[in-house]
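Peer 1: Need coordinates for the below:
(chains A and B)
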Protein chains: 2
Amino acid sequence: MLSSALAYALAHRTAHLDALRDWLRIPSVSTLPEHAADVRRAGQWAVDRLHAMGMPRAEMVDTAGHPVVYAEWLGAPAPTLLIYGHFDVQPVDPIDEWARPPFEPRLEGESLFGRGASDDKGQAFAVLAALESFLKSSGRLPVNIKVLLEGEEEITSPHLAPYLRDHIAQLRADAILIADQDMIDPQHPVVMYGVRGNVYVEIEVRGPASDLHSGTYGGAVDNPLNVLVRLLAGLQDGATRRVLIPGFYDAVQPLSAEEKDLLAQAPITEEVGLFLTGAPTLGGEEGYSLVERISVRPTLEVHGIAGGFTGAGSKTVIPSNAVAKVSMRLVPDQEPAEIARLLDAHLQRVAPPTVRWELRVIGMARPAQTDPRAPAVQAAALAYERGFGHPPVYLRGGGSLPIVRDMIDSLSPPGGAIPVVMIGFGLPDDHTHAPNEKLHLPNFYQGIETVIHYLDILASQA
Amino acid sequence: MLSSALAYALAHRTAHLDALRDWLRIPSVSTLPEHAADVRRAGQWAVDRLHAMGMPRAEMVDTAGHPVVYAEWLGAPAPTLLIYGHFDVQPVDPIDEWARPPFEPRLEGESLFGRGASDDKGQAFAVLAALESFLKSSGRLPVNIKVLLEGEEEITSPHLAPYLRDHIAQLRADAILIADQDMIDPQHPVVMYGVRGNVYVEIEVRGPASDLHSGTYGGAVDNPLNVLVRLLAGLQDGATRRVLIPGFYDAVQPLSAEEKDLLAQAPITEEVGLFLTGAPTLGGEEGYSLVERISVRPTLEVHGIAGGFTGAGSKTVIPSNAVAKVSMRLVPDQEPAEIARLLDAHLQRVAPPTVRWELRVIGMARPAQTDPRAPAVQAAALAYERGFGHPPVYLRGGGSLPIVRDMIDSLSPPGGAIPVVMIGFGLPDDHTHAPNEKLHLPNFYQGIETVIHYLDILASQA
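Peer 2: Model prediction:
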């Protein structure tokens, strides 16, 4: 069954590539209302494809937003794998920077260019192609499969958590597979066993009723910008880069010696960090390695400060108000709502009476992690070795993917935690979310083979 | 001589008002190249007026920028008074907010509306009308008079300091009179015996080579905005509001008990400060009164911070660079160039090696003061009492007027300091530099009388 699936995949590389190109032609930009019909079309395309490959059930399900696609094949005794992916894509601006139209996918050397080529249609299609390879060559799959594809990932999945809560029985599984991430390079695939959370806030400081001239009034009133930079600077220690909000670290799980060793194996060196960022030197929290700083440690970043005058030349204005955008990446078990509460309590203690201030939470995502020793995760490591010829690097992701925690919360068995297996076939230079997005074709084909191996290994564990 | 001059001024109120309206019709906006000919016309108008009133010498002198007007009458044995004013005006935008066209002056109740009505054509004309009142009624002036009017005050007088240096003998005088400021209200005229200086800088912090995603890289590099707010917060003590740049206060003259008493008489209360600013509470440097904070103490203000993202919603960007605009108001004997040097030395000590940074000085003005006990200043106090019926408040101005220090430096006698007598007939609600600028006509007429008294008192001191 394995060998015939692999043979099918090899024989159908061109057919799979052509099918992916069809999918990429649909401009399923979820954030733009004028593309809502295209998002639906991209979902219907997936439903048709799932039917055609022999999935007995495949359907589009409406939500309050864009639809989701659900499909299943339940002909095996055990286990059951839930596959997640998304068929919506990022907008294409700045359109002028694309060498070719973003929805006219084209081949160039070993790359397929087009919006969604890597994120996530190309990777989701690789998983579908693996299913097809089994179904078309053997008429069955090695394990039970449930497929859940959504059309709102690029707009933070507002309707996925409700869908999960409403379809717990339908979606129940032994593990979840997500293929929507990058490798370090083609020799270093990545098993991601966690994601950071995030809480994004605005801190507004208001002082005088209107802008004042710093000659006439300078010294008489507290300048909201002066107060704001003081409040912001007070959030983080200048020497250790530790966050100074009381209670901020209370829920952070200590890093075990075992995980420390695991992370130390990732080939993410200072040299790599300097090369990738172009920073004069790297910087970060005292007492932690580079890879720990970007994966298992929380951070605090100021993203922008509005208020006053930033044009050319000089204007001696004391602004009546100033607003900072700040986010904190969170790690298990920090809860964004609790961190926002701690920040509010801190500001209440330290903000001076010379100003009024307001804290606004404008985005939250909870952190999540899975046990890298879980058999379903170890199966992915072995599958990478067989598909790419290289064992993977284990990492917790620095970014935020709130659906991971939503799926764990909704679909874990009583007293346990469903493993979430995060793999991917993208590369750091795929330009996802940017002009000239591409997919590295060798990764596409080896990705299909990796998923074929994965399903085979998963069946052998049962 | 005094009484005939006062009688002339009273008899010619309408004629003086009409003449001022003529001057105001000339749109002498110095910052706009298309109005260069208008600035020259406004200067020529003054030359013609000075000739017509009987000044034996009155001429326009070209500079590398807009011209200056010089006039003199030297028929008295002593003393000699140099009168300074300016005939250029601020731009008129936002033009839509003017109730009537800004260069079609109109009377409404006790107000004359039009650009320049208060700043400074109206006030400069009051001084010229006082000279005319003596010359036309008695054929002479009580003291020697030199008149220097410039056309670049609203663009920081770039060519006045060179003119002063090149015409020291021509401009030599015993005192300088400037009428270009506000009273607190019609019952509280102001003798201003100093101005603060200013040094306006940009502090730029550069980190990664391009903007980075805070998920992928958050924790690995020092965020330039995080570093910048830390550097800015480190410039000022959060409790005392003292500036923390080492050496910043070294050159600040201590406040004498005598001056402290003088300033304490100014009717500038917390209530007034709260009413004028609308701030929740006032704030400022520990250990100093409100009036001291806005006049004799230096300050540090953040005016704006650029870099990163300040639009609606959230963007998790680590900006590659961030720039703050900061100014410090300075008091005698702080030198702006020295303060910039101290700031640079401070930043060299405290800036972390994780970023590159640059300090750019984009504006400097030196502080200045004059002795409020000088007879020429005391004469102004007495003149106010006679012209307005109220003794003046003594204040050092919080804003910056670099020509004051330039004139003191160029025109003071060896070992001494030429008194600079700063008076004015504007009101805080005159909307100078704003739409619907106006002049309070009672102040205009009493201003003319005050200057008539001033010249008379000055002569009696000789």
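Peer 1: Need the residue closest to the centroid of chain A.
Peer 2: What sits nearest the mean C-alpha location of chain A, by CA atoms, centre = their mean, is A:L401, with 4.1 Å.
Peer 1: Not including adjacent chain positions, what is the nearest residue to that one?
Peer 2: Sequence neighbours aside, A:V195 is the residue nearest to A:L401 in space, at 4.7 Å (criterion: CB to CB, 6 or more residues apart in numbering or on different chains). C-beta: built from backbone N, CA, C; applies to glycine.
Peer 1: for the one you found, phi and psi?
Peer 2: When read as degrees, to the nearest 10, the backbone of A:V195 gives phi -140, psi 150.
Peer 1: Give me the pLDDT for it.
Peer 2: In this model, A:V195 is scored at 97, pLDDT.
Peer 1: And the residue nearest to the centre of chain A, how close does it get to A:S157?
Peer 2: Distance, A:L401 to A:S157, by CB to CB, to the nearest Å: 9 Å.
Peer 1: Could you name the specific helix or strand carrying the spatially closest residue to A:Y84 that is not a sequence neighbour?
Peer 2: Residue nearest to A:Y84 in three dimensions, not counting chain neighbours: A:I178, with 4.8 Å by CB to CB, 6+ apart. Of the helices and strands defined by DSSP states H and E, A:I178 is found in strand A:175-179.
Peer 1: How about the residues of the stretch 301-450 of chain A by chain B?
Peer 2: A:301-310, A:313-320, A:323, A:325, A:327, A:329, A:352-356, A:362-363, A:397-400 (CB under 8 Å from any CB of the partner chain).
Peer 1: Any of those residues buried? List them.
Peer 2: Neighbour counting with 16 or more other CB atoms under 10 Å in any protein chain shown marks A:301-310, A:314-320, A:323, A:325, A:327, A:329, A:352, A:354-355, A:363, A:397-400 as buried within those.
Peer 1: Give the rounded mean pLDDT of stretch A:375-394.
Peer 2: Across stretch A:375-394, the per-residue pLDDT values average to 97.
Peer 1: outside of it, which residues touch it?
Peer 2: The contact list for stretch A:375-394 (CB atoms under 8 Å, 6 or more residues apart in numbering or on different chains) reads A:79, A:81, A:174-175, A:177, A:184, A:186-191, A:193, A:262-263, A:265-267, A:370-372, A:419, A:421, A:423, A:446-447, A:449-454, A:457-458, A:461.
Peer 1: Just the element for A:G287, please.
Peer 2: Per DSSP H and E, A:G287 falls between elements, in no helix or strand.
Peer 1: which ones among the buried ones among the residues of the stretch 301-450 of chain A next to chain B are found in strands?
Peer 2: Among those, the ones falling in strands (DSSP state E) are A:301-306, A:317-318, A:323, A:325, A:327, A:329, A:363, A:397.
Peer 1: where along the stretch 201-350 of chain A do the helices fall?
Peer 2: Using DSSP state H, counting those that start in this stretch, the helices found in the stretch 201-350 of chain A span residues A:214-217, A:224-233, A:257-264, A:270-277, A:290-293, A:336-350.
Peer 1: quick one: low-confidence parts of the stretch 1-150 of chain A?
Peer 2: Scanning the stretch 1-150 of chain A for pLDDT under 70 picks out nothing.
Peer 1: So the residue of it found nearest chain B: helix, strand or coil?
Peer 2: Closest to chain B within the stretch 1-150 of chain A is A:T31: 11.0 Å, counting by CB to the nearest CB. With DSSP: H, G, I helix; E, B strand; the rest coil as the basis, A:T31 sits in coil.
Peer 1: quick one: contacts for it?
Peer 2: A:90-91, A:154-155.
Peer 1: Now the buried members of those residues.
Peer 2: A:90-91, A:154-155.
Peer 1: Now those residues in TSV, please, with extra columns for distance to B:V393 and secondary structure.
Peer 2: Listed next are the buried ones among the contacts of A:T31 as TSV, based on distance: CB to CB, whole Å; DSSP: H, G, I helix; E, B strand; the rest coil:
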residue	distance to B:V393	secondary structure
A:Q90	63	coil
A:P91	61	coil
A:E154	64	helix
A:I155	61	helix
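Peer 1: Same list, these, but as JSON lines with distance to A:A36 please.
Peer 2: As requested, the buried ones among the contacts of A:T31 are arranged in JSON lines below (distance: CB to CB, whole Å):
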{"residue": "A:Q90", "distance to A:A36": "16"}
{"residue": "A:P91", "distance to A:A36": "14"}
{"residue": "A:E154", "distance to A:A36": "13"}
{"residue": "A:I155", "distance to A:A36": "12"}
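Peer 1: For the closest residue to A:Q181 other than its chain neighbours, give me the backbone phi and psi.
Peer 2: Spatially, and ignoring its direct neighbours in sequence, A:Q181 is nearest to A:G424 (3.3 Å; CB to CB, 6+ apart). When read as degrees, to the nearest 10, the backbone of A:G424 gives phi 180, psi 160.
Peer 1: One more: A:R242?
Peer 2: Per-residue torsions, A:R242: phi -80, psi 140 (degrees, to the nearest 10).
Peer 1: contacting residues for the closest residue to it other than its chain neighbours?
Peer 2: In space, and not counting its chain neighbours, A:R242 is closest to A:E285: 6.3 Å by CB to CB, 6+ apart. Counting by CB under 8 Å, 6+ apart, A:E285 touches A:240-242, A:293, A:297, A:299, B:219.
Peer 1: among these, who's most crowded?
Peer 2: Neighbour counts for the contacts of A:E285 (other CB atoms under 10 Å in any protein chain shown) peak at B:G219, which has 30 neighbours.
Peer 1: Quick check, pLDDT for that residue.
Peer 2: 94.
Peer 1: what's the closest non-adjacent residue to it?
Peer 2: Using CB to CB, 6+ apart and skipping residues adjacent in sequence, the residue nearest B:G219 is A:R293, 3.7 Å away.
Peer 1: Verify the contact between that neighbour and A:E286 for me.
Peer 2: No: using CB atoms under 8 Å, A:R293 is not in contact with A:E286, being 9.9 Å away.
Peer 1: all strands of the stretch 51-200 of chain A, in order?
Peer 2: A:57-61, A:68-73, A:80-86, A:106-108, A:111-113, A:144-150, A:175-179, A:190-195, A:197-206 (DSSP state E, counting those that start in this stretch).
Peer 1: Make CSV out of these and add mean neighbour count.
Peer 2: Below are those laid out as CSV (neighbours: other CB atoms under 10 Å in any protein chain shown):
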stretch, mean neighbour count
strand A:57-61, 16
strand A:68-73, 23
strand A:80-86, 24
strand A:106-108, 12
strand A:111-113, 21
strand A:144-150, 24
strand A:175-179, 25
strand A:190-195, 26
strand A:197-206, 23
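Peer 1: Skipping adjacent residues, who's closest to the closest residue to chain B within the stretch 351-462 of chain A in space?
Peer 2: The nearest approach of the stretch 351-462 of chain A to chain B comes at A:G399, 2.8 Å away (CB to the nearest CB). Spatially, and ignoring its direct neighbours in sequence, A:G399 is nearest to B:G215 (2.8 Å; CB to CB, 6+ apart).
Peer 1: Pull the longest helix along chain A out as PDB, backbone CA atoms only.
Peer 2: In chain A, ranked by residue count with DSSP state H as the criterion, the top helix is helix A:441-461. The C-alpha coordinates for helix A:441-461 follow below in PDB (Å, rounded to 0.1, in the frame of the first residue of the first chain):
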ATOM      1  CA  LEU A 441       8.900  22.400  -6.100                       C
ATOM      2  CA  PRO A 442      11.300  19.700  -4.700                       C
ATOM      3  CA  ASN A 443       9.800  20.500  -1.300                       C
ATOM      4  CA  PHE A 444       6.300  20.100  -2.800                       C
ATOM      5  CA  TYR A 445       7.100  16.600  -4.200                       C
ATOM      6  CA  GLN A 446       9.000  15.500  -1.100                       C
ATOM      7  CA  GLY A 447       6.200  17.000   1.100                       C
ATOM      8  CA  ILE A 448       3.700  14.700  -0.600                       C
ATOM      9  CA  GLU A 449       6.000  11.800   0.000                       C
ATOM     10  CA  THR A 450       6.500  12.800   3.600                       C
ATOM     11  CA  VAL A 451       2.800  12.800   4.300                       C
ATOM     12  CA  ILE A 452       2.400   9.400   2.600                       C
ATOM     13  CA  HIS A 453       5.100   8.100   4.900                       C
ATOM     14  CA  TYR A 454       3.500   9.800   7.800                       C
ATOM     15  CA  LEU A 455       0.100   8.100   7.300                       C
ATOM     16  CA  ASP A 456       1.900   4.800   6.900                       C
ATOM     17  CA  ILE A 457       3.900   5.200  10.100                       C
ATOM     18  CA  LEU A 458       0.800   6.400  12.000                       C
ATOM     19  CA  ALA A 459      -1.000   3.200  11.000                       C
ATOM     20  CA  SER A 460       1.900   1.100  12.100                       C
ATOM     21  CA  GLN A 461       1.800   2.600  15.600                       C
END
